[in-house]
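Asks: With the input below, show me the fold.
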Amino acid sequence: MLFAIPFAAISETIIMECTNEYQKTIYYKYEKSFFVFKNIYTREQAEWKPWCDGSASIMDKGAKCVETKEKKISRTVYNYSSYTVSDVNKAKKVLTNRWTFCQYNKEQETCQNGNKYLSIAQLQSSLHNDFFNGCEFEPQNETSKPFDVRLEDYLKKHLPKKGDKKCALGKKYVPDVERFDIITTLDFLLPQMVVSKGNYRYQNNNYEVMNKDAVKYFTDKWSCKKKI
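Replies: Below you'll find the predicted structure:
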């Protein structure tokens, strides 16, 4: 014998109204049928339409939509000179002078970590104004108390290597295409909507994801309330 089951008893419907800081309002509808089929809709032009134009996943009273967008951009590309063997030898003399001087003058400002003025002055005096082909030189990655170590350890940590970038010779702007994902998460239980922007990738890198483990660059949380 077949029994008629009222429609209200075999489905669940939740309508959520979400508003952002600019007072823009969007309506969403969550539907779950008797057969556990779930759908999400958004209200546009007096009718309910599918809410996601990208890849959607619908959970229990929640959903996530990932839409890929792209835009044309202009990137800055720098042309760098590199340290030669001669440059490394000059840098070794400069750093040796710096370490020797600062062993007895640690409190002076010029001996504070990363200060480049002493190294340039030493370069002028000890190497007869022989600069690194127009590039300023300073110790590599000096941290606090850099002179509380042996000279060998100091040079090993701060001396540039052959082939390292020395300084920028110029720059140019090249066209590129930037792709990113807009991730919209709906929660009809809380209720809330969160829009994130991330997974940036660029045409010149064959669209390899640049920030797989990074926090999303942009997050917009909408204030929501249930209507039914």
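
Asks: Strands of the chain, start to end?
Replies: 12-19, 25-32, 38-44, 47-50, 55-59, 62-82, 165-187, 192-202, 218-226 (DSSP state E).

Asks: quick one: which of those strands is nearest residue 92?
Replies: strand 165-187 (14.8 Å; Cβ to Cβ). The way it works is simple: take the backbone N, C-alpha and C, and place the C-beta from them, glycine included.

Asks: thinking again about what came up before, can you lay out the strands of the chain as CSV showing mean pLDDT, mean neighbour count and distance to residue 134?
Replies: Shown next, in CSV, are the strands of the chain (pLDDT from 0 to 100; neighbours: other Cβ atoms under 10 Å; distance: least, Cβ to Cβ, whole Å):
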stretch, mean pLDDT, mean neighbour count, distance to residue 134
strand 12-19, 94, 16, 57
strand 25-32, 94, 18, 57
strand 38-44, 93, 16, 59
strand 47-50, 94, 11, 60
strand 55-59, 94, 14, 51
strand 62-82, 93, 13, 9
strand 165-187, 92, 15, 7
strand 192-202, 90, 18, 31
strand 218-226, 87, 14, 40
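
Asks: out of the ones you listed, which comes closest to residue 155?
Replies: Distances from residue 155 to each of the strands of the chain were compared using Cβ to Cβ; the minimum, 17.6 Å, belongs to strand 165-187.

Asks: by contact count, what packs against that closest one?
Replies: Under the contact criterion of 3 or more Cβ pairs under 8 Å, 6 or more residues apart in numbering; DSSP states H and E, strand 165-187 touches strand 62-82, strand 192-202.

Asks: So what are the sheet partners of the last one and their directions?
Replies: Spelled out, it's strand 192-202. Using DSSP bridges, the strands paired with strand 192-202 are strand 165-187 (antiparallel), strand 218-226 (antiparallel).
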